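K.L.:
predicted model, plus sequence, below.
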Amino acid sequence: MRWRKSKPASRSSDLTAFIDEGSEIEGKYTFKGTVMLNGKFSGEIVTSDSLIIGEKGSVNASVRAGVVLINGEVIGNVFATERVELRGAARVYGDVEAPVIVVEEGVLFEGHFKNTKGRPADVPSADRDGISR
């Protein structure tokens, strides 16, 4: 009989932490890896990795992350260096800024989207729109 060594699970989909719907957290939360939040959070969330806000998740915070996937409620601005996805019955009240923004049908959104992809950072706005001020 031959034994095969099983492959380890992909690191990109592994959860670092899971905050369940019975939890209420207040303050500044920083982490590495992927966190799924189904509880209540208020304050500030900062990571260079991934945040998943589940259907039962309720966030009243400024969010800065690499990737943000929203299925629940967010009251506050969301900034991502890679992408933001508003999925299913997501409810977002605030501005969203990312190079890639995906919005599924059925999402409730009140705010502004700002696509940060391909913007020259060092060109003044007067030069970009051709109007000198």
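P.N.:
Done, it's in. Residues are numbered from 1 along each chain as shown.
K.L.:
quick one: buried residues of stretch 48-56?
P.N.:
50-54 (16 or more other C-beta atoms under 10 Å). (Each C-beta comes from the backbone N, C-alpha and C, glycine too.)
K.L.:
and the end-to-end length of that stretch?
P.N.:
23 Å (C-alpha to C-alpha, to the nearest Å).
K.L.:
how about stretch 28-45?
P.N.:
Taking C-alpha to C-alpha as the measure, stretch 28-45 stretches 6 Å from start to finish.
K.L.:
any buried residues in it, and which?
P.N.:
Buried positions in stretch 28-45, judged by neighbour count with 16+ other C-beta under 10 Å: 29, 31, 34-41, 45.
K.L.:
from the residues you listed, which land in strands?
P.N.:
Members of the buried residues of stretch 28-45 lying in strands (criterion: DSSP state E): 29, 34-37, 40-41, 45.
K.L.:
export the buried residues of stretch 28-45 as CSV, with columns for pLDDT.
P.N.:
Below are those laid out as CSV (pLDDT from 0 to 100):
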residue, pLDDT
Tyr29, 96
Phe31, 95
Thr34, 97
Val35, 97
Met36, 97
Leu37, 97
Asn38, 97
Gly39, 97
Lys40, 97
Phe41, 97
Ile45, 98
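K.L.:
count the residues that sit near Val96.
P.N.:
23 (other C-beta atoms under 10 Å).
K.L.:
I'd like the numbering to begin with 12 instead of 1 from here.
P.N.:
That works, and once the first residue is 12, the last one we named lands at Val107.
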